[in-house]
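*Asks:* Kindly return the folded structure for what I paste below:
(one chain, ligands or ions: 1)
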Amino acid sequence: MLALNEQSLKELKNTLEDMGQASYRSKQIFDFFHKEGKTNIKDCTTLPKDLREDLSKKDLCKIDIAHVFESKKDPTKKFLFRLEDGHLIEGVLMQNNYGFSQCISTQVGCRMGCRFCASTQGGLVRNLSPYEMLGQVYQASNRYGKIHSIILMGSGEPLDNLDNVLRFLNLLNAERGYHMSYRNMTLSTCGLVPGILDLAKQNRKVNLALSLHSPFQEVREKMMPIAKRYKLNEVFKALDEYTENLGRRVSYEYTLIDGVNNRDQDVVKLKELLGHRLHHLNLIPLNPIKEYGKNRPQRDKIQDFKKRCEDMGLNVTIRREQGGDIKASCGQLRQKFEEEERV
Ligand code: SF4
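*Replies:* The predicted model follows:
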């Protein structure tokens, strides 16, 4: 049985009818959860007291902000959210000229094993429920203001938790609720082909980003074990289907690692892979973790790589580093905080 705040308006209506209540109450409850971003049904004063009491006995999913780290250099904030079972997940809120953009986690931990990523160090702990994703947006929104766009690029692989992710996206898009456009949602994947094909069949025009990191199959396999299972040619075939069905350009995330993927042959191969496709190549200087032992290129080498890509006709940007003084890449805050709590 879904928690009350994970039900669609139609499902809530059925729940209310099963309780012998008037179905219009479902709209008031949906507004309370998804427009006001509140959870404690006892505070929903548009409902009669006895109904609030009855509803408070039903399942409700909760998530709280455990800690906010604020950058001193820019308006970036990094969150640690605490789930009801005590687990912690991370999120980042960035401010752009068009509004707030938030990075969302979809799992506690991750089982994809990307070598450069701290989130996968302890493996997958569990999937997040739809509300545990929604609650990240609502909590940040209640504190800082309306969130313009989200990117599913925190801990977890969204396509490894696809059913819950789709329900989350639907609820966030609901006209009666937060009403975020699918076009303002970006799902980032390490390349799970069946999930990409599933998404390509749906009618949600969300943006899709592939964590590419190397245009060479063998280099990619060393960085991302999942690449052994889904070869680059299969991944691109699935992405082409996505673009064809939904008319959306795919973005390619490219973590720049010195000496690993910033060589001349990388530029040539990137041109071969992306040049004839609708694409946007997003260069992300590596945020080093001790377990990986590699470094980001120096600033001038990063600029030089971008220039070489541009000269090849690629559509490329360097991701602006935000919150650089909050020293933590994805997964590191959670690790650090959990270690401190154990002391
Ligand atoms: S980069 Fe993403 S998919 Fe890869 S291990 Fe980290 S969280 Fe998982």
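*Asks:* So what does residue 125 have for phi and psi?
*Replies:* Taking degrees, to the nearest 10, you get phi -90, psi -50 for the backbone angles of residue 125.
*Asks:* Same check on residue 90?
*Replies:* The main-chain torsion angles of residue 90 are listed as degrees, to the nearest 10 and equal phi -110, psi 160.
*Asks:* Could you check how far it is from the ligand?
*Replies:* Distance, residue 90 to the ligand, using C-beta to the nearest ligand atom, to the nearest Å: 10 Å. Backbone N, C-alpha and C define where each C-beta goes, glycine included.
*Asks:* Pairing partners for that residue in the sheet, please.
*Replies:* The bridge-partner assignment for residue 90, based on DSSP bridges, gives residue 80.
*Asks:* where does residue 329 land on pLDDT?
*Replies:* Here the pLDDT value assigned to residue 329 is 55.
*Asks:* switch to numbering from 6
*Replies:* Sure, I'll start numbering at 6, so the last one becomes residue 334.
*Asks:* Give me every residue in the protein lying close to the ligand.
*Replies:* Residues of the chain that fall close to the ligand, judged by C-beta under 6 Å from any ligand atom: 115, 117-119, 122, 124-125, 160-162, 195.
*Asks:* And those, which is closest to residue 169?
*Replies:* residue 161 (10.3 Å; C-beta to C-beta).
*Asks:* Checking my notes, that closest one in a strand, right?
*Replies:* No - the assignment for residue 161 by DSSP: H, G, I helix; E, B strand; the rest coil gives coil, which leaves it out of any strand.
*Asks:* Filter the residues of the chain next to the ligand down to the buried ones, ChimeraX style.
*Replies:* Buried subset of the residues of the chain next to the ligand, written as a ChimeraX selection, criterion 16 or more other C-beta atoms under 10 Å:
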select :115,117,119,122,124,125,160,161,162,195
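*Asks:* will you turn the residues of the chain next to the ligand into CSV that also has pLDDT, secondary structure and distance to residue 170?
*Replies:* As requested, these are exported to CSV (pLDDT from 0 to 100; DSSP: H, G, I helix; E, B strand; the rest coil; distance: C-beta to C-beta, whole Å):
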residue, pLDDT, secondary structure, distance to residue 170
115, 97, coil, 14
117, 96, coil, 15
118, 94, coil, 20
119, 92, coil, 19
122, 89, coil, 19
124, 90, helix, 16
125, 90, helix, 18
160, 95, coil, 13
161, 97, coil, 9
162, 97, coil, 10
195, 97, coil, 14
